[in-house]
Structures are given as C-alpha cells and as structure tokens.
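K.L.:
Following is a predicted model, sequence given first.
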Amino acid sequence: MPAFSKREPGPRDPNGISYVPNASDPDRAWALTLPAPLAGLIVAGKMWGHATSLAPPNRLMGKRIALHGGQHAVRITPIKEDTSCRNLIALAANRDPDAWRAGLDDLLHRHAGRIIGSAVLAGGYILGGLHGLQGEPRCASAWRVDSMGHYYRGDWQSFSGKSIVPVGDWSAPDAARKTRRWVWCFRAPALQTPTPVPFKGFGGLWDLGKGEALRRKQQADAAALEKQTRLDRRAS
C-alpha cells in the first residue's frame, strides 16, 4: 500500500480565514472556492462532485457549504474533447450545445469571484480513477475501497462509481510521488443570486463571515485610497 500521509494538507492562507482541521469552528458558515464554471455546474445540479488535493473535513460532513466561483482559468482542451462536458456547460448557460465555448464565457463572466449558491457536503473519498468511454459521462470510483475505506468521510458509498462529468483534474493516486486527490460529494444544491461584489484573492475552504468582513475592509481601503489620490492631485 502506498504510504500516503493521513494528515490533511495545510491551508494556503494569505488572509488568515482558511479552515484549519481540528481548530476551526465547524458551526460557522464556510465557503469553498471552485473554478467558476464548475461551481455553476454543481449549483445547477449538473455535477455532484469535485476532485481536489484538499481533504474534505470530517466535521463539515452534512453541513451546507457556500460555493464560490474562483477566477482561475479552466483548461479548455479536456472540455473540448468531451461531448458530455460541452453539453452540460451549454445547458447550464442556457446555450445551444454548439455554443458551449460562449456558454463557458457566460458562466465565467457571471460567476467569477462570486458566491453563487450552496450545497450540502455529503461525503468524500480518495479518487481511484474514471471509468467509461471518452465523451460520455464517466464514473469516478473510490480507490482501494477494502484497504482505504476507513479514511473516507460521510456517505461516500452513495457516490463512488456514480456518473460524473470529468471537468478538471481527475488523476488517480501516484504512489511514487505520494499524491492523491479527494472527491468532494455534494447533494441538495441551491442557487442564489450571485453576490454583487466579487471576493478577490480567496481560495480553498474559507470562513464566509470573516471573508465578508475582509471584503468590506478591502472596499473601504480602496475607497480611502481613491479619495486620498484625488486630494493629492488637487493639491499638486
């Protein structure tokens, strides 16, 4: 068995608001940043999961998580080569299937940087691999259920082997590099009106309340700087 670490990855936390395992309060409101079109697909009920190197916290299982559309780019090639991906993106953007690229741009424009909805974190498992034909919805199965099952979280059995559109990195564990990816499993998605002002510089799993306070401070600082700049120009 590969010697994968049991420790959850430490958060990259430039703003001091990321979830810290065994330290953060699970009863606070938490948000997860995903590439904008993927967050949109989950909220729209077109995708049920997302693969990432970050382990889903046990203490957040069964809790509703806000979904934040990240502003980082999504690789176009895997989408272009997969008919099911193109069709779902077009459907989520209310576009004709042939206009999937414009639909992707629509989702990025509408959702990037914004909280667009939420879903209940129902389970999580280590990704074993994808099964099925290229261009069709494939199954994301758990890795070594018999030997690694005790590491998995929540109701992961209901999701392992279920069809999913493989947008993003769905690579299997690499024993030599000691890397693995977790599938976050969601149910009960709920759409909301996207927040009008984007959250910038946020990523991973973060405290929504503290994030909103930080965003207000960023806005106030920007307004103060703009005001001071105008005063300096008048004085010069």
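P.N.:
Received, thanks. Keep in mind the model is a prediction, meaning the values are calculated, not measured.
K.L.:
secondary structure element for residue 78?
P.N.:
Per DSSP states H and E: residue 78 is located in helix 76-80.
K.L.:
and the closest residue to residue 36 other than its chain neighbours, how far is that from residue 117?
P.N.:
Of all residues beyond its chain neighbours, the one nearest residue 36 is residue 69 (3.4 Å), with distances taken as C-beta to C-beta, 6 or more residues apart in numbering. Just so you know, the C-beta spots here come from the backbone N, C-alpha and C atoms, and that holds for glycine as well. From residue 69 across to residue 117, the span is 10 Å (C-beta to C-beta, to the nearest Å).
K.L.:
higher neighbour count, the two?
P.N.:
Per other C-beta atoms under 10 Å, whichever of residue 69 and residue 117 has more neighbours is residue 69, with 27 against 22.
K.L.:
Using the three-state scheme, assign the more buried one.
P.N.:
Assigned by DSSP: H, G, I helix; E, B strand; the rest coil, the conformation of residue 69 is strand.
K.L.:
Check the contact between residue 55 and residue 127; I expect there is one.
P.N.:
No - if you go by C-beta atoms under 8 Å, residue 55 and residue 127 don't touch, sitting 11.7 Å apart.
K.L.:
what touches both of these two?
P.N.:
Common neighbours of residue 55 and residue 127, using C-beta atoms under 8 Å, 6 or more residues apart in numbering, are residue 182.
K.L.:
In the protein, which helix is the longest?
P.N.:
Ranked by number of residues, the top helix in the chain under DSSP state H is helix 208-235.
K.L.:
Does that helix pack against any helices or strands, and if so which?
P.N.:
Helix 208-235 is packed against strand 30-35, with contacts defined by 3 or more C-beta pairs under 8 Å, 6 or more residues apart in numbering; DSSP states H and E.
K.L.:
tell me, how many neighbours does residue 30 end up with?
P.N.:
Neighbour tally, residue 30, other C-beta under 10 Å: 25.
K.L.:
and it, what are its bridge partners?
P.N.:
On the basis of DSSP bridges, residue 30 is bridged to residue 207.
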